[in-house]
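Asks: Here's my sequence, what's the structure:
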Amino acid sequence: YSWGSYSIVAFASPYFSFLCAALLILRRGKYMDRKVRRAIGLSMLFLVTLAILQGMYPEILMSSLGLMMINVALFYTVESPDALMIEKLAEERKNAESANRAKSLFLAQMSHEIRTPINAVLGMNEMILRETDNEDIRDYSATIKEAGKTLLSLINSILDFSKIEDNKMELLSVEYETAELINNIVNSIYNRARSKGLYLEINVDEKLPSKLIGDDIRLTQVIMNLLTNAVKYTEKGTVSFSMILEKTEGDTVTIGVSVKDTGIGIKASEISELFNSFIRLDEKRNRNIEGTGLGMAIVDRLLKMMGSTIQIESTYGKGSTFSFHIEQKISDAKPVGDYKLNLAQSRKIETGDVAFKAAGANVLIVDDNSMNHKVAKNLLKLFGIVPDMAMSGAEAIQMVKDKTYHIICLDHMMPELDGIETLERMRTEKLIPDTTVVLAMTANAVVGAKEMYLEKGFDDYISKPIALEELAEKLKKYLPEADSISSAPEYSAADVLEFAPSDDEDNVSADTANSSDEIIVQLENLGINVAGGLLHCANEQDFYFDVIRDYYTSAQEKLTQLDGFLHTNALNEYEILVHAVKSMSRTIGADAVADMALALEQGAGRRDKEYVIKNHPAFAKAYKEMSENLQQLLYT
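Replies: As a prediction, this is how the structure comes out:
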């Protein structure tokens, strides 16, 4: 054979192809999948074999040239732009997933770790708020408290987002009451809307099933995010919340939920960016509004987990509507009706069903407030106990001289002799035996109060307003032989409650224009925590209304006394009386008035006359308006 150019190229082709394959592996090896690696490896094996044969048998030149062409084709196939792009995308996806996992892990761990010191800071700050007498420090602490609550809210959002990103968020289906879910949502957003002067409109379809099965926690979270944003970005006008029954198929119901506002709206070009994490729209305009930019991202992903999607209609500068449709299983198909009335009915319990009777127990209630007497007396009657009553420490001292009591419930804040001084007299003069249990019964429920009362000689502590469960626990604890000392006949729920309608027009009777359930709805519209008030009255509506009547009939007298104490600089007496008003307000569920009274009680307690004079008018106005509204409601 002659060695022309053709022969040289053909002879060298296996070696050239081998070199190309080797360079290919060195350059692109990390991007190659297993199939490509096998193809190149097999090709290289053939090339090596062919090179050996070529040297032994030069006549196979054409075959080696053909093999070279095959390898060139293979090279261009592996190195084609599409293949390279796929490899790059696969590598970038792998890196992105790794980075995302690292980010989610970091956010989850840091958010969790940050909560611990924040809770410590807020806990100690609460102690400062309760114990300091310096008004400037109290203002600083109040700012810390609000900022801390905001920070915790942001951290919770980050934790939820991290769970969703890491596929660790799970939906838990449970049975829940439709009315209770709606009521919790409305109560949570009501004060925020009211503080901005917004009208909160609630539209609940009365045909909704009363009990559903689903993840009520996540559903509440979604709706609350939408409502919070609506209130946050609305300066005036209305925020509307609607839940409508759309269709029922078998044991499944489809509910339409919408939140509409008259706020700033969203630009059409920015709606698509609304669900991007850590992105806040119209940043320049909304720079003073707090947030992480995670709320809507969490809403979007939670709804997708629940098989739903969010729809948005918005006009920039005029408002927005966010809506979604969600399926829930039906547990009780009975229509919810007016959800407030339904909730009121669900709160009722059988007050006659108590754990034990102790009709032979001797109990003394010492309190300077007649309304507190009535509440305590009726609660104790549920256990068959008819207590003795004392309006002052001096009266109680005289009564223990003539009778031995199993339990004495002694109020702390009383004029002349307070509860601590009264107990000291009883102990010093040996007026009560060691077997008599003395409970501090007071609304002074600050941290460390129980320890303080124990140090002063009390045997235990019970807070006001009195909760039936707590009272039962104390009686069971200190009357271990309660059933054996019972000597009176059984009481029914109707017997044990003192309230009975009379001819007095102030009383609520069966002939009133509004039913008791309708009155409860109107009480809630006044901002009354009816659920709390009913609990303090053994969940008995008639008795609860009677306590409210006592509240508003005594209001004017107490306001006159408070004005007089303030005019004569009698801050000690002012503190005692405003403490009583606080307790009475908390008993009926007038929490806003109770909070104002608490602040004044603390101000008077540190003898800060300037603070009391400054804040008394607003409290007096709120107390008077609440009393007048209650009186008007129960008259009609």
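Asks: Would you double-check that Ser141 falls in a helix?
Replies: Yes. The assignment for Ser141 by DSSP: H, G, I helix; E, B strand; the rest coil puts it in a helix.
Asks: Tell me how many other residues surround the residue nearest to Arg192 when sequence neighbours are not counted.
Replies: Excluding its sequence neighbours, the residue lying closest to Arg192 (Cβ to Cβ, 6 or more residues apart in numbering) is Val231, at 5.0 Å. In short, each C-beta sits where N, CA and C put it, glycine included. A count of nearby residues for Val231, using other Cβ atoms under 10 Å, gives 21.
Asks: With the one 5 residues further on instead?
Replies: Residue neighbour count, defined by other Cβ under 10 Å, stands at 10 for Lys236.
Asks: Below-threshold pLDDT in the stretch 301-450 of the chain: ranges please.
Replies: Within the stretch 301-450 of the chain, the ranges that satisfy pLDDT under 70 run 339-355, 443-449.
Asks: So for the host helix or strand of Leu200, what gets flagged as buried?
Replies: Per DSSP states H and E: Leu200 is located in strand 199-204. Neighbour-count burial for strand 199-204, with 16 or more other Cβ atoms under 10 Å as criterion, is recorded at 200, 202, 204.
Asks: pLDDT averaged over it - what is it?
Replies: The pLDDT scores in strand 199-204 average 88.
Asks: which residues of the stretch 151-300 of the chain fall in helices?
Replies: Residue ranges of the helices in the stretch 151-300 of the chain, as given by DSSP state H, counting those that start in this stretch, are 178-195, 216-232, 295-305.
Asks: Name the SS class of Asp368, please.
Replies: coil.
Asks: which residues are in contact with stretch 223-242?
Replies: Residues from elsewhere that reach stretch 223-242 (Cβ atoms under 8 Å, 6 or more residues apart in numbering): 185-186, 188-189, 192-193, 196-204, 256-264, 286, 289, 291, 295-296, 298-299, 319-320, 322.
Asks: Buried members of those residues into PyMOL, please.
Replies: Burial among those is assessed by 16+ other Cβ under 10 Å; the matching PyMOL selection reads:
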select buried, resi 185+186+189+192+193+198+200+202+204+257+258+259+260+261+262+263+264+291+295+296+298+299+319+320+322
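Asks: still on that earlier bit, for Ile128, state which of the buried residues of strand 199-204 is nearest.
Replies: Leu200 (33.8 Å; Cβ to Cβ).
Asks: my guess is that closest one contacts Asn191, does it?
Replies: No. When contacts are counted by Cβ atoms under 8 Å, Leu200 is not listed as touching Asn191 (9.9 Å).
Asks: hmm, back to that, could the buried residues of strand 199-204 be laid out in TSV, adding distance to Glu91?
Replies: Shown next, in TSV, are these (distance: Cβ to Cβ, whole Å):
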residue	distance to Glu91
Leu200	52
Ile202	53
Val204	53
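Asks: ok, back up a step: quick check, pLDDT for the residue nearest to Arg192.
Replies: For Val231, the pLDDT comes out at 89.
Asks: From Ile330, how far out is it?
Replies: Using Cβ to Cβ, to the nearest Å, Val231 is found at 31 Å from Ile330.
Asks: Summarise which helices and strands the longest strand anywhere in the chain is packed against.
Replies: Counting by DSSP state E, the longest strand found in the chain is strand 319-335. Where contact means 3 or more Cβ pairs under 8 Å, 6 or more residues apart in numbering; DSSP states H and E, strand 319-335 is packed against strand 209-214, helix 216-232, strand 252-261, strand 311-315.
Asks: do that again at 6 Å, thanks
Replies: Other helices and strands packing on strand 319-335, by 3 or more Cβ pairs under 6 Å, 6 or more residues apart in numbering; DSSP states H and E, are strand 209-214, strand 252-261, strand 311-315.
Asks: want to throw those into a markdown table with distance to Ile128?
Replies: Listed next are the helices and strands packed on strand 319-335 as a markdown table, based on distance: least, Cβ to Cβ, whole Å:
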| stretch | distance to Ile128 |
| --- | --- |
| strand 209-214 | 42 |
| strand 252-261 | 37 |
| strand 311-315 | 44 |
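Asks: For Glu175, which of those strands is the nearest?
Replies: Glu175 sits nearest to strand 209-214 of all those, at 5.3 Å, using Cβ to Cβ.
Asks: For that closest one, which outside residues touch it?
Replies: Applying Cβ atoms under 6 Å, 6 or more residues apart in numbering, the contact partners of strand 209-214 are 173, 175, 177-178, 253, 328-334, 336.
Asks: From these, list the buried ones, please.
Replies: For the contacts of strand 209-214, buried by 16+ other Cβ under 10 Å: 177-178, 253, 328, 330-331, 336.
Asks: Closest to Tyr461 out of those residues?
Replies: Glu177 (33.6 Å).
Asks: ok, the longest strand of the chain: who's next to it in the sheet?
Replies: Neighbouring strands of strand 319-335 in its sheet, by DSSP bridges, are strand 209-214 (antiparallel), strand 252-261 (antiparallel), strand 311-315 (antiparallel).
Asks: Tyr453 is nearest to which of those?
Replies: Closest to Tyr453 of those is strand 209-214 (Cβ to Cβ; 43.2 Å).
Asks: Next, the angle from the closest one to helix 178-195.
Replies: Calculated by axes from the mean of the first three to the mean of the last three Cα atoms, to 10 degrees, strand 209-214 forms an angle of 90 degrees with helix 178-195.
Asks: I'd like the mean pLDDT over strand 209-214, please.
Replies: What strand 209-214 shows for mean pLDDT is 92.
Asks: Just the CA coordinates for that strand, please, in PDB.
Replies: Coordinates of each C-alpha in strand 209-214 appear next as PDB, following Å, rounded to 0.1, in the frame of the first residue of the first chain:
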ATOM      1  CA  PRO A 209     -73.900  23.900  57.700                       C
ATOM      2  CA  SER A 210     -73.400  24.400  61.400                       C
ATOM      3  CA  LYS A 211     -70.500  22.000  61.700                       C
ATOM      4  CA  LEU A 212     -67.900  21.300  59.100                       C
ATOM      5  CA  ILE A 213     -64.700  19.100  58.800                       C
ATOM      6  CA  GLY A 214     -61.500  20.600  57.500                       C
END
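Asks: Just the buried residues of it, please?
Replies: Counting neighbours by 16+ other Cβ under 10 Å, strand 209-214 gives 209-214 as buried.
Asks: Can you pick out the most distant pair from those?
Replies: Using Cβ to Cβ, the two most remote members of these are Ser210 and Gly214, lying 14.0 Å apart.
Asks: any idea how far Ala297 lies from Glu575?
Replies: Distance of Ala297 to Glu575, computed by Cβ to Cβ: 50 Å.
Asks: tell me which helix or strand of the chain sits lowest on mean pLDDT?
Replies: Among the helices and strands of the chain, helix 493-496 carries the lowest confidence by mean pLDDT, DSSP states H and E, at a mean of 32.
Asks: Quick one: name whatever helix or strand follows it.
Replies: Next along from helix 493-496, by DSSP H and E: helix 516-525.
Asks: Which secondary structure elements does that following helix sit against?
Replies: helix 339-346, helix 530-536.
Asks: Quick one: list the elements packing against the last one.
Replies: Secondary-structure packing of helix 530-536 (3+ Cβ pairs under 6 Å, 6+ apart): helix 516-525.
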